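how would this look folded up:
(one chain, ligands or ions: 1)
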Amino acid sequence: MDESFDFLVVGSGLAGLTFALKAAQKGRVCVLTKAEISESNTSYAQGGIAAAVGESDSWELHEQDTLIAGAGLCDPDAVRFLVQKAPETIDWLIETGARFDTGEGGLSLAREGGHSRHRIVHHADKTGWEIERAVTEAVRANPNIVVYENAFVTSLLMADGRCSGAEAHIGEIGVRRFIARATLLATGGCGRLYLHTTNPRIATADGIGLAASVGASIRDMEFMQFHPTTLYHPQLRSFLVTEAVRGVGGTLRNHLGTRFMYDYDPRLELAPRDIVSRAIDAEMRKLDTWCVYLDVTHLPKEQIRAEFPTIWDRLDAVGIAMYKHWIPVVPAQHYACGGVSTDLAGRTTVPGLYAAGEVASTGVHGANRLASNSLLEAIVFAFAAAESLDASERMSDGGESIRRRSVAEADAVRIRRSLQKTMTDHVFIVRRTAGLEQARHRIAALREEYGQLPEAPFSSYSLETENLLIAATYVVDGALARRKNVGLHYNADFEESETTASSA
Ligand SMILES: Cc1cc2nc3c(=O)[nH]c(=O)nc-3n(C[C@H](O)[C@H](O)[C@H](O)COP(=O)(O)OP(=O)(O)OC[C@H]3O[C@@H](n4cnc5c(N)ncnc54)[C@H](O)[C@@H]3O)c2cc1C
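Below is the predicted model of the structure:
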């Protein structure tokens, strides 16, 4: 069965929902999202959203910091567009109902690595959750927006060289086609490419798989951002242990108790994130261990509890008492800087298809993302895309889609695990050409194996796995093609890179 809307949105994170709100001023909008509406990377964002709204700040300074982080590979026009729009974006969020922490002079602004000023607008340590709550309520109240949850988009529709909508598998309804004048991909990140990631389960690169299937241009996938300290624990796999724990004197130790940062950088645990991540990775490989440890046991119990209440509670729940136990940590994938290429109005290279948020590559991040620029980017470019929509664009009467094949879940699990191990072994923080070549062959073999397995009933897990395989190919090909170390891409066979401060 077909349904028609003016505009179709795939994904209900910040990019998808802000686009929907703006597009609803021009026509009827349908949002398709594969889990519950709030299940997204957005809901897990902790630190906040960057905007030059402080008295001593300016968009020029925000621009400069973003360009420095991007290590020379940002698109300057995209960066300027982003930072100039930031203050009005915060105003819009407040009007929409998001509550941010305030101090005496107005908004309370935090400062994060790579920012030359205090400019992070936040809601305690759960800013993403608060923003997602506010935009979700606005979407629910908008009569021009229809939301389908548990609606897994399997493929895009194409008619006369234009994207004319998408096909989805919806919970108890089954397969349905959605025809639209324009379709936005807002499917978020691809953290599940790796064994360790801060991203939730939904981050399976579906947008990359969908865009690739219709020939959209995809770029810079090798610029993968890693966070140095996430908890190594089977029950809390994605839990991030903030940099602030090192800021108050937390030390990193190997399993023998040695404070190994002395061997890597004179700034020790407070070296830039990329360097700390690389040091941990090197130490784990050197000693053949699965994690290292973060130690704050020298601090008074009361101080730890007061400064890190959330981390205290979460660790306590799994039997780790911060005041007497070392915290097992590993570096983990955190953010994909590359993605589906777009212009400043969110247009991909395929007519009728737009992209915004983490799945998109607007050119803002270059070779490394500046802290807290991604929530901002999701809104600014989703708005720009909605503004450029033409409500009189011809509506197709259908379209063709690529047929997707699911395989048995047990096979998909095995293939996904093998992929994650390959990516973690060879396409992680420190890469080598031989390892990348090995990864390329392994991924090609897994893709072939997937294609040859017998077809099974629809399984979103299986199609996600296929999307991850497609995205992995882009990451590895990008890493092999990049002949110089820059920003987040580090190949140990090349000379030392220029590292940059990165992000939250
Ligand atoms: C732990 C953590 C902390 C972070 N902290 C910060 C921070 O402090 N500041 C900052 O700026 N950024 C931060 N980030 C990054 C930021 O949260 C994300 O980049 C941003 O929220 C991405 O928004 P999005 O709308 O593009 O994607 P998401 O919010 O991930 O939404 C993607 C949506 O697409 C849906 N979807 C995916 N595939 C399909 C499909 N096939 N069919 C239907 N629906 C689909 C998903 O279900 C989801 O609804 C953090 C990220 C993490 C994980």
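
tell me where the stretch 251-400 of the chain has helices.
Counting by DSSP state H, counting those that start in this stretch, the stretch 251-400 of the chain has helices at residues 273-287, 301-307, 309-317, 373-387.

what residues does Leu240 make contact with?
Contacts for Leu240 (CB atoms under 8 Å, 6 or more residues apart in numbering) come out as 46, 198, 227, 229-231, 332, 334. Heads up, the C-betas are built off the backbone N, CA and C, glycines and all.

ah, wrong one, I meant Met221
By CB under 8 Å, 6+ apart, the neighbours of Met221 are 208, 336, 338-339, 471, 474-475, 478.

and if we set it to 7 Å?
By CB atoms under 7 Å, 6 or more residues apart in numbering, the contact set of Met221 is 336, 338, 471, 474-475, 478.

equivalent analysis for Ile179, please.
2, 4, 164-165, 395-396, 398.

quick check, it in a strand?
Yes. Under DSSP: H, G, I helix; E, B strand; the rest coil, Ile179 falls within a strand.

ok, Pro328 - how many residues close by?
Using other CB atoms under 10 Å, Pro328 has 17 neighbouring residues.

got it, and Leu236?
Leu236 - counted by other CB under 10 Å - has 15 other residues nearby.

same check on Gln303?
Residues near Gln303, counting by other CB under 10 Å, number 13.

check Pro200 too.
19.

and for Glu464?
22.

correct me, but it touches Thr204?
Yes. Counting by CB atoms under 7 Å, Thr204 is a contact partner of Glu464 at 3.8 Å.

tell me who's in contact with Thr229.
Counting by CB under 7 Å, 6+ apart, Thr229 makes contact with 241, 294, 329.

among those, which one sits closest to the ligand?
Nearest to the ligand out of the contacts of Thr229 is Val241 (CB to the nearest ligand atom; 11.0 Å).

quick one: pLDDT of that closest one?
Listed pLDDT for Val241 reads 88.

could you number the chain from 759 rather than 1 from now on?
Okay, using 759 as the starting number, the last item reads as Val999.

make sure it is actually in contact with Pro1086.
No. Assessed by CB under 7 Å, Val999 is found out of contact with Pro1086, at 9.9 Å.

give me the common contacts of these two.
What both Val999 and Pro1086 touch, as defined by CB under 7 Å, 6+ apart, is the set Leu989.

my guess is Met1153 meets Gly923, correct?
No. If you go by CB under 7 Å, Met1153 and Gly923 don't touch, sitting 9.3 Å apart.

what comes into contact with stretch 877-884?
If you take CB under 7 Å, 6+ apart as the criterion, stretch 877-884 is touched by 804-812, 815, 820, 848, 857-859, 865, 867-870, 888, 1068, 1130.

return the members of those classed as buried.
804-812, 815, 820, 848, 858, 865, 867-868, 870, 888, 1130 (16 or more other CB atoms under 10 Å).

so which of these belong to helices?
Among these, the ones falling in helices (DSSP state H) are 820, 848, 888.

what's the closest non-adjacent residue to the second one?
Same thing as Ile848. The spatially closest residue to Ile848, leaving aside those adjacent along the chain, is Ala809, at 4.8 Å (CB to CB, 6 or more residues apart in numbering).

which SS class is Thr987?
Once three-state DSSP is applied, Thr987 turns out strand.

from Gly812, how far out is it?
Distance check for Thr987 against Gly812: by CB to CB, to the nearest Å, it reads 28 Å.

what does the stretch 959-1108 of the chain have sitting close to the ligand?
Listed as neighbours of the ligand in the stretch 959-1108 of the chain under the rule CB under 6 Å from any ligand atom: 960, 964, 998, 1093.

got CSV for those, with distance to Tyr1248 and secondary structure too?
Compiled in CSV, those are given as follows (distance: CB to CB, whole Å; DSSP: H, G, I helix; E, B strand; the rest coil):
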residue, distance to Tyr1248, secondary structure
Ile960, 28, coil
Asp964, 27, helix
Leu998, 21, strand
Tyr1093, 16, strand
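
quick one: contacts for Leu953?
Leu953 neighbours (CB under 7 Å, 6+ apart): 1178-1179, 1182.

now these as a markdown table including neighbour count, secondary structure and pLDDT?
Shown next, in a markdown table, are the contacts of Leu953 (neighbours: other CB atoms under 10 Å; DSSP: H, G, I helix; E, B strand; the rest coil; pLDDT from 0 to 100):
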| residue | neighbour count | secondary structure | pLDDT |
| --- | --- | --- | --- |
| Gln1178 | 19 | helix | 98 |
| Lys1179 | 13 | helix | 97 |
| Thr1182 | 19 | helix | 95 |
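
just to revisit the earlier point, of the helices of the stretch 1009-1158 of the chain, which stretch is the most buried?
Among the helices of the stretch 1009-1158 of the chain, helix 1131-1145 has the highest mean neighbour count (mean count of other CB atoms under 10 Å), at a mean of 26.

skipping its backbone neighbours, what lies nearest the residue of the stretch 1009-1158 of the chain found nearest the ligand in space?
The stretch 1009-1158 of the chain approaches the ligand most closely through Gly1115 (2.1 Å), counting by CB to the nearest ligand atom. Nearest in space to Gly1115, with sequence neighbours left out and distances taken as CB to CB, 6+ apart, is Ala773 at 2.8 Å.

alright, calling it a day.
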